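Novice: Have a look at this prediction, sequence included:
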Amino acid sequence: MKEPIAADADARCRRYAAALGVLTALFGLRVAGQALQRFVPVEALPSYEAFHSPALPYSLLLAVQLFLFALMCSITYDVALCNRRRNPQAARLLGWIGALYMIGSLARIAAGLALDHPAEWFTSWIPAIFHLVLAAFVLTLAAYHATVWRGAQAAPAA
């Protein structure tokens, strides 16, 4: 039987891994949906143009997306096994990056909704929403790194 502290750490790892896994799956579905619409269009999904923001050529975008998906899967797996060492410096850095990314992504959506004639980039809704998913992944990973397992690093009770 595991010690209570280890069991608590395992439970926390599983909770963070579950959240990271959902975000990874959502991103994977977006990548797969866009690829499907690009190569074998399906009427049940939005058009390829709805998935694609004109910022990058699709071949480059797909390569970056596949790299990110593999990285997200690897991180999620490590967290699920409690193999990813918590790091307060990583927590701070990821927290700032994730917060700026989330604010920028929300600002992009707000601009698309508020401007009379926004540029196409501001109204590419599917990519905009999935930037929120990626920002949430970074913020969740930051929270994982910031978490102190009870008893692992806590000061002794007085």
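Specialist: Received the coordinates, thanks. Residues are numbered from 1 along each chain as shown.
Novice: can you give me the helices for the chain?
Specialist: Ranges of helices within the chain are 4-39, 48-51, 58-80, 88-114, 125-146, based on DSSP state H.
Novice: Determine which stretch of the ones you listed is the most buried.
Specialist: helix 125-146 (a mean of 19; mean count of other Cβ atoms under 10 Å). Glycine gets a C-beta too; all of them are placed from N, C-alpha and C.
Novice: tell me the contacts of the nearest residue in space to Ala136 that is not next to it in sequence?
Specialist: Computed as Cβ to Cβ, 6 or more residues apart in numbering, the closest residue to Ala136 that is not its neighbour in sequence is Leu23, at 5.6 Å. With Cβ atoms under 8 Å, 6 or more residues apart in numbering as the criterion, the residues that contact Leu23 are Met72, Val133, Leu134, Ala136, Phe137, Thr140.
Novice: can you rerun that using 7 Å?
Specialist: Residues near Leu23 by Cβ atoms under 7 Å, 6 or more residues apart in numbering: Val133, Ala136, Phe137, Thr140.
Novice: I'd like these laid out as TSV, including distance to Thr76 and pLDDT.
Specialist: Below are these laid out as TSV (distance: Cβ to Cβ, whole Å; pLDDT from 0 to 100):
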residue	distance to Thr76	pLDDT
Val133	13	98
Ala136	13	98
Phe137	9	98
Thr140	10	97
